[in-house]
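Enquirer: sequence and predicted structure are below.
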Amino acid sequence: MNTLKIALASTVALSLAACAPEAESDATTADETAMAEKATAGTIVDVAQGDESFSTLVAAVTAAGLGETLSGEGPFTVFAPTNDAFAKLPEGTVETLTTEDTDTLGSILQYHVVSGAVDAATLTSAIEGAGEDGYAVETVGGGTLTATIVGGSVVLTDAAGGTATITAVDVEASNGLVHVIDTVLMPQ
């Protein structure tokens with residue numbers, strides 16, 4: 001009799017377990033969360049607007065009339081200078097560019113944009129494959145940056161010989177990626 005009760009109870013338990021909805025795995029939940037965050041991240045401009053450390057960049061993009069472009073479909077990769085990066089420029093430079101010389105400002109900003117979503121792993125691999133001379137990165141402004149690895153960090157060298165270090169990578173936006181840099185790059 002006990003054996004019959006145990007067998008019956010086991011059968012019921014197995015039947016209920018088999019009919020129960022499948023529990024989501026942690027990996028599936030994490031993937032869905034990441035996809036939802038990317039979908040709600042907004043465009044590159046939205047991401048920059050949402051971070052106070054890019055307020056100068058946002059003002060510059062607006063003054064140069066590039067907001068609509070950088071909010072477009074993309075994908076783009078933006079090497080985004082922080083407020084501290086802009087502060088390194090000679091006094092009055094940002095004000096002059098944003099009020100009197102927006103064409104030059106537009107050229108400078110386009111020098112920070114690459115067509116396509118180039119993540120850190122892809123960029124690092126390209127640099128390693130390019131050898132000692134570094135990897136040539138073509139910008140949407142028609143210029144070239146040279147990417148190298150120095151002391152374990154990715155460093156971009158501009159046409160004037162100035163350098164910027166990437167300090168944060170792979171900030172996702174709905175239309176591309178943002179890599180944060182510590183210096184404004186100059187096309188000439």
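Expert: Perfect, thanks for sending it. Numbers count the residues shown, from 1 in each chain.
Enquirer: and the helices in the protein?
Expert: 2-19, 26-40, 44-49, 55-63, 67-70, 83-87, 93-99, 102-110, 120-130 (DSSP state H).
Enquirer: between helix 102-110 and the fourth one, find me the angle.
Expert: Per axes from the mean of the first three to the mean of the last three CA atoms, to 10 degrees, the angle that helix 55-63 makes with helix 102-110 is 120 degrees.
Enquirer: quick one: contacts of helix 55-63?
Expert: Here helix 55-63 makes contact (CB atoms under 8 Å, 6 or more residues apart in numbering) with 45, 48-49, 67, 70, 80-83, 86-87, 94, 97-99, 102, 105, 109. Every C-beta, even on glycine, is put in place using the N, C-alpha and C of the backbone.
Enquirer: could you list the buried residues of that helix?
Expert: Across helix 55-63, burial judged by 16 or more other CB atoms under 10 Å covers T56, L57, V58, A60, V61, A63.
Enquirer: any idea which strand is longest in the chain?
Expert: Across the chain, the longest stretch assigned as strand under DSSP state E is strand 163-173.
Enquirer: quick one on the thing from earlier: between the buried residues of helix 55-63, which is nearest T167?
Expert: L57 (14.0 Å; CB to CB).
Enquirer: where's the closest one relative to A80, distance?
Expert: 6 Å (CB to CB, to the nearest Å).
Enquirer: list residues touching both of those two?
Expert: In contact with both L57 and A80: A48, using CB under 8 Å, 6+ apart.
Enquirer: name the residues linked to the closest residue to V184 other than its chain neighbours by a beta bridge.
Expert: Sequence neighbours aside, P81 is the residue nearest to V184 in space, at 4.6 Å (criterion: CB to CB, 6 or more residues apart in numbering). Beta bridges link P81 to I181, judged by DSSP bridges.
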